[in-house]
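**Q** Build the 3D model from these lines:
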Amino acid sequence: MKKIRLPVYFYPLAAMLFWGMSFIWTTILLKYFHPVAIIFIRLIISSFFLFLISLIFHKWEKVRRSDFLLFFLSALFNPFLYFLGENYGLKYSSPTYASVIIATIPVFSPVIAYIVFRERLTLLNIAGLFLSFGGVVIMLITKNFSISIDQKGIFCLSEAVLAALVYSVLARKLTFRYHPLTIIKYQNLIGIFLFLPIFLMYDYHSTLLVRPNTEIISSFLFLSILASSLSFVFYTKAIQMLGISKANIYSNLIPVFTAIFSFFLLTEHFTMQKLSGMFLVIIGVYISEMNRCKSG
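**A** Numbers count the residues shown, from 1 in each chain. Take a look at the predicted model:
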């Protein structure tokens, strides 16, 4: 049987499409569940799938006792704190707003790298930072200079960005020691136990009252298997084939995919101001990533 060879660009495009769509699937589930319940169920399905993949393909790595604390701390920031910020941010905003704010993570990453690791911060990094920040401000400010979305949404999404940045510092050591599949599956497993007390205290009874339907089941499966599992596999493959810098340039497409599917699936309204802000954010991220590509 002839082995099918997929084009190189399939892997980063698929990963970014699934991550962009994750904002849509989460928004759909928020009609039925509280944020913590969505994250908890999502992590259970994703963990089961990843452990099954490890079993089928014999991808088992033993975690060193000296790395237990590092795994716990990285899981505390992602998935625990990151998903709390992202899901509550979606509850108080829209998929497009959320995806655009989350898309600023790679722009702020060089700043964190400079503070923690003293990596060089260039003029292009700074330019990308200001452009992206300006784009977010344009999207959030109305003609009367008031905030166009709930301030709780901005706070939660900002917390998600901060959690992702801290996570990138903690996870950096793990990526040199373990396969990405090992890191993700154990972080998701730890995340289940971190969310368990909150779920049992606040969301357990309300979750039992929800009657599953096709929309709920499909959204959970897409969110868990595509966005939380296969996306990371495809992204890792993209890094292997293209390198980190070139693969990261595709992250500019996440808010684009979210905006397109929000328009068609959720009938989200778009204005020129909103589109202009999105454009600035994407250009800012692109400038930052191009700089990294050249330096890499």
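**Q** For the stretch 51-200 of the chain, give me the ranges with low pLDDT.
**A** Residue ranges of the stretch 51-200 of the chain with pLDDT under 70: 117, 119, 142-148.
**Q** quick one: the helices in it?
**A** For the stretch 51-200 of the chain, the helices defined by DSSP state H, counting those that start in this stretch cover 68-75, 82-91, 95-102, 105-117, 123-140, 151-175, 180-198.
**Q** Among those, show me which one is buried the most.
**A** Among these, the stretch with the highest mean neighbour count (mean count of other Cβ atoms under 10 Å) is helix 95-102, at a mean of 27. (Each C-beta comes from the backbone N, C-alpha and C, glycine too.)
**Q** Against which helices or strands is that helix packed?
**A** Helix 95-102 sits against helix 10-29, helix 82-91, helix 123-140, helix 151-175, helix 253-265, helix 272-295, with contacts defined as 3 or more Cβ pairs under 8 Å, 6 or more residues apart in numbering; DSSP states H and E.
**Q** same thing but 6 Å
**A** helix 10-29, helix 253-265 (3 or more Cβ pairs under 6 Å, 6 or more residues apart in numbering; DSSP states H and E).
**Q** Not counting that helix itself, show me its contacts.
**A** For helix 95-102, contacts defined as Cβ atoms under 6 Å, 6 or more residues apart in numbering pick out 23-24, 27, 89-90, 149, 157, 254-255, 258-259, 262, 278, 281.
**Q** In JSON lines: the residues you listed, plus distance to Val63.
**A** Listed next are the contacts of helix 95-102 as JSON lines, based on distance: Cβ to Cβ, whole Å:
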{"residue": "Phe23", "distance to Val63": "31"}
{"residue": "Ile24", "distance to Val63": "34"}
{"residue": "Thr27", "distance to Val63": "35"}
{"residue": "Gly89", "distance to Val63": "31"}
{"residue": "Leu90", "distance to Val63": "32"}
{"residue": "Ile149", "distance to Val63": "41"}
{"residue": "Leu157", "distance to Val63": "32"}
{"residue": "Ile254", "distance to Val63": "30"}
{"residue": "Pro255", "distance to Val63": "35"}
{"residue": "Thr258", "distance to Val63": "34"}
{"residue": "Ala259", "distance to Val63": "39"}
{"residue": "Ser262", "distance to Val63": "39"}
{"residue": "Met278", "distance to Val63": "40"}
{"residue": "Val281", "distance to Val63": "37"}
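**Q** Out of these, which one has the weakest pLDDT?
**A** Among the contacts of helix 95-102, Ile149 carries the weakest pLDDT, at 73.
**Q** neighbours around the closest residue to that residue other than its chain neighbours, how many?
**A** Spatial nearest neighbour of Ile149, chain neighbours left out: Ser93 (4.6 Å); criterion: Cβ to Cβ, 6 or more residues apart in numbering. The number of residues packed near Ser93 is 24, by other Cβ atoms under 10 Å.
**Q** for Leu275, same thing?
**A** Neighbourhood size, Leu275 [other Cβ under 10 Å]: 14.
**Q** If I look at it, what pLDDT would I see?
**A** Leu275 is assigned 84 on the pLDDT scale.
**Q** Distance check, it against Ala171.
**A** Distance of Leu275 to Ala171, given as Cβ to Cβ, to the nearest Å: 34 Å.
**Q** hang on, the earlier thing: what's the closest of the helices and strands packed on helix 95-102 to Gly153?
**A** When the helices and strands packed on helix 95-102 are compared by Cβ to Cβ, helix 10-29 sits nearest Gly153, at 12.2 Å.
**Q** ok, Cys156 touching Lys91?
**A** No: Cys156 is not in contact with Lys91 according to Cβ atoms under 6 Å; the separation is 7.8 Å.
**Q** thinking again about what came up before, can I get the helices and strands packed on helix 95-102 in CSV with mean neighbour count and distance to Asn213?
**A** As requested, the helices and strands packed on helix 95-102 are exported to CSV (neighbours: other Cβ atoms under 10 Å; distance: least, Cβ to Cβ, whole Å):
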stretch, mean neighbour count, distance to Asn213
helix 10-29, 23, 11
helix 253-265, 20, 16
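**Q** hey, least reliable of those helices by pLDDT?
**A** Lowest mean pLDDT within those: helix 253-265, at a mean of 86.
**Q** Give me the contacts around it.
**A** Against helix 253-265 from outside (Cβ under 6 Å, 6+ apart): 16-17, 19-20, 23-24, 95-96, 99-100, 103, 268.
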